[in-house]
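Here is the input, now give the coordinates:
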Amino acid sequence: MQKIFEFFEIVAEELSVQESRVLTRRDLQLNQEHAPIIDELKDEMEVETTEQAILAGINFLAQHFQSKGSLLPFAYDEQTARFVTTDHIFLQFVRDTRNIRSLREKAKSFELSVLQRLGQRTTGGLHRVGFPRDHDKSRAAFNNYLKKLGFNGKVLLGKEKDGGFDILWELPIGAVPHRPIVSVQCKNGEFDMGQAHRSVGDAGISLGQHRGLQPHIHIPCVLFNDYIYSDMLTPKQLNFVPLGLSDLSRPSEPVPAAAI
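Residues are numbered from 1 along each chain as shown. A predicted model of the protein is given here:
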């Protein structure tokens with residue numbers, strides 16, 4: 001992860017408990033043993049002073065969030081060096097997801113948090129269908145549930161648990177079974193291209209069992225507990241949409257009330 005996003009998460013941690021504050025050099029430190037992150041940020045931003053590093057970092061983050069159609073969840077006053085939260089709930093989300101990153105036992109918690117954030121950015125129908133599920137735990141019950149979304153009865157076979165699905169988002173157009181679906185795989189860790197491809201493969205096979213639309217009509221996404229920027233991706237075309245935490249921030253354009 002670039003130092004700029006470590007810097008972002010430190011700011012988010014501080015603002016999640018205090019909505020306005022000036023952050024000192026001591027605050028901008030990963031831990032007592034680690035060198036202050038501000039020195040690493042100066043190198044990454046290619047500037048000489050702490051003030052320049054912070055300002056360059058804020059500008060980079062604002063552009064990054066804007067590229068996602070999202071808003072940076074805090075403001076920064078260059079004159080006073082004060083940070084002020086503009087989206088306290090998202091900052092708490094960042095703090096909480098940062099603290100569970102790469103913990104396998106927290107995968108379900110991450111998935112549920114992602115579902116809640118998606119609900120604030122989308123219209124249509126959101127369905128958490130990953131395993132373990134709170135309802136429809138048997139294969140037969142789960143297959144019957146998926147029939148309501150336009151699938152046939154052959155999605156789960158044998159020892160399959162979830163068909164490669166975590167979250168399914170029905171777009172608010174068309175009618176079942178001719179209603180397009182976005183599949184969102186949630187990965188509670190840093191970006192991993194190999195893991196993304198494996199996830200898309202499993203989900204793609206299951207999307208192929210949709211009775212109303214061909215698989216290429218549906219959109220596979222993989223959302224990591226990370227921040228996705230262009231330099232970390234291959235210039236080759238991808239067969240999935242790579243997503244990260246900044247894709248879940250408050251949208252820069254208002255979203256109509258969701259019907260979930």
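
show me where this protein has helices.
Secondary structure of the chain by DSSP state H: the helices cover 3-15, 37-45, 50-67, 88-100, 107-118, 139-147, 193-207.

Ok, which of those helices comes nearest residue 181?
Ranking the helices of the chain by proximity to residue 181 (CB to CB) places helix 193-207 first, at 7.3 Å. Placement of C-beta: from N, CA and C, glycine included.

just to revisit the earlier point, and the helices of the chain, which is most packed in?
helix 3-15 (a mean of 21; mean count of other CB atoms under 10 Å).

burial measure for residue 169, as a count.
Neighbour count of residue 169, defined by other CB atoms under 10 Å: 22.

same question, the one 3 residues further on
Residue 172 sits with 14 neighbouring residues when counted by other CB under 10 Å.

Okay, it and residue 60: tell me how far apart.
Distance, residue 172 to residue 60, using CB to CB, to the nearest Å: 34 Å.

again with residue 82
Counting by CB to CB, the gap between residue 82 and residue 60 amounts to 19 Å.

Neighbours of residue 233, how many?
Burial of residue 233 is recorded as 12 neighbouring residues (other CB under 10 Å).

Quick check, it in contact with residue 242.
Yes. Using CB atoms under 8 Å as the test, residue 233 is close enough to residue 242 to be in contact (6.3 Å).

In contact with the spatially closest residue to residue 181 that is not a sequence neighbour, which residues?
Among residues not flanking residue 181 along the chain, residue 218 sits closest, at 4.9 Å (CB to CB, 6 or more residues apart in numbering). Residues counted as contacts of residue 218 (CB atoms under 8 Å, 6 or more residues apart in numbering) are 180-183, 207, 210.

Mind telling me the two of the residues you listed farthest from one another?
Maximum distance among the contacts of residue 218 (CB to CB): 12.5 Å, for 182 and 210.

Between those two, which is the more surrounded one?
Under the neighbour definition other CB under 10 Å, residue 182 and residue 210 were set side by side, and residue 210 has more, 22 against 18.

can I assume the more buried one is in contact with residue 154?
No. Residue 210 lies out of contact with residue 154 (CB under 8 Å); the separation is 10.8 Å.

can you pull out the strands in the stretch 101-250 of the chain?
With DSSP state E, counting those that start in this stretch applied, the stretch 101-250 of the chain shows strands at 125-128, 167-170, 181-187, 219-224, 241-243, listed in chain order.

To residue 51, which of those strands lies closest?
Closest approach to residue 51 among the strands of the stretch 101-250 of the chain (CB to CB): strand 219-224, 32.0 Å.

Check which helices and strands that closest one is in contact with.
If you count contacts as 3 or more CB pairs under 8 Å, 6 or more residues apart in numbering; DSSP states H and E, strand 219-224 packs onto strand 181-187, helix 193-207, strand 241-243.
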